[in-house]
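Q: The following block contains a protein sequence and its predicted model.
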Amino acid sequence: QVQLVESGGGLVQPGGSLRLSCAASGSIGGINAMGWYRQAPGRQRELVAAITSGGSTNYADSVKGRFTISRDNAKNTVNLQMNSLKPEDTAVYYCNANVRPKFSSLWREVWGQGTLVTVSS
């Protein structure tokens, strides 16, 4: 079984920065794309940023130029550096990965438990 564990959420003032981290653990045969999603109260979960195993990235328009996603394939980790945070960035942030467990040929989506980011003065 593969698990994703996030860390790094918290309370920050507008204009501040936070760094989210996510580590995959368990019986991992391979990881394809990894990414971060967020869900604000009363809204649908949305993609924030994603990165392939080769390092290609994709960002939501609302975070381009402010957020940076990175990953370490050797450590099975993905990070999200968030700068110039705005109140509208307040949400629960979820780590996501497309994973193939060991001894399996099937790929599946795995989600972390979520970490709360609150941007407020």
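A: Received, thanks. Numbers count the residues shown, from 1 in each chain.
Q: Take stretch 26-34, keep the C-alpha atoms, and write them as CSV.
A: Taking Å, rounded to 0.1, in the frame of the first residue of the first chain, the C-alpha atoms of stretch 26-34 are listed here in CSV:
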residue,chain,number,x,y,z
GLY,A,26,5.1,2.1,1.1
SER,A,27,5.4,-0.5,-1.6
ILE,A,28,6.2,1.7,-4.5
GLY,A,29,7.0,0.3,-8.0
GLY,A,30,6.9,3.6,-9.7
ILE,A,31,5.5,7.2,-9.6
ASN,A,32,4.4,9.1,-12.6
ALA,A,33,2.9,12.6,-12.2
MET,A,34,2.7,14.2,-8.8
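Q: Averaged pLDDT, that stretch. What do you get?
A: When the per-residue pLDDT values of stretch 26-34 are averaged, the result is 96.
Q: do the same with stretch 42-53
A: Looking at stretch 42-53 alone, the average pLDDT works out to 97.
Q: what's the distance between the most centrally placed residue in the chain and Phe103?
A: With distances taken as Cα atoms, centre = their mean, the chain has Trp36 as the residue nearest its mean C-alpha position (2.6 Å). With the distance defined as Cβ to Cβ, to the nearest Å, Trp36 ends up 28 Å from Phe103. (C-beta placed from N, C-alpha, C; glycine too.)
Q: Ok, Val117 next?
A: The span separating Val117 from Phe103 equals 36 Å under the rule Cβ to Cβ.
Q: So if I had to pick from the two, which one is more boxed in?
A: Here Val117 and Phe103 are set side by side on neighbour count (other Cβ atoms under 10 Å), and the busier one is Val117, at 22 against 7.
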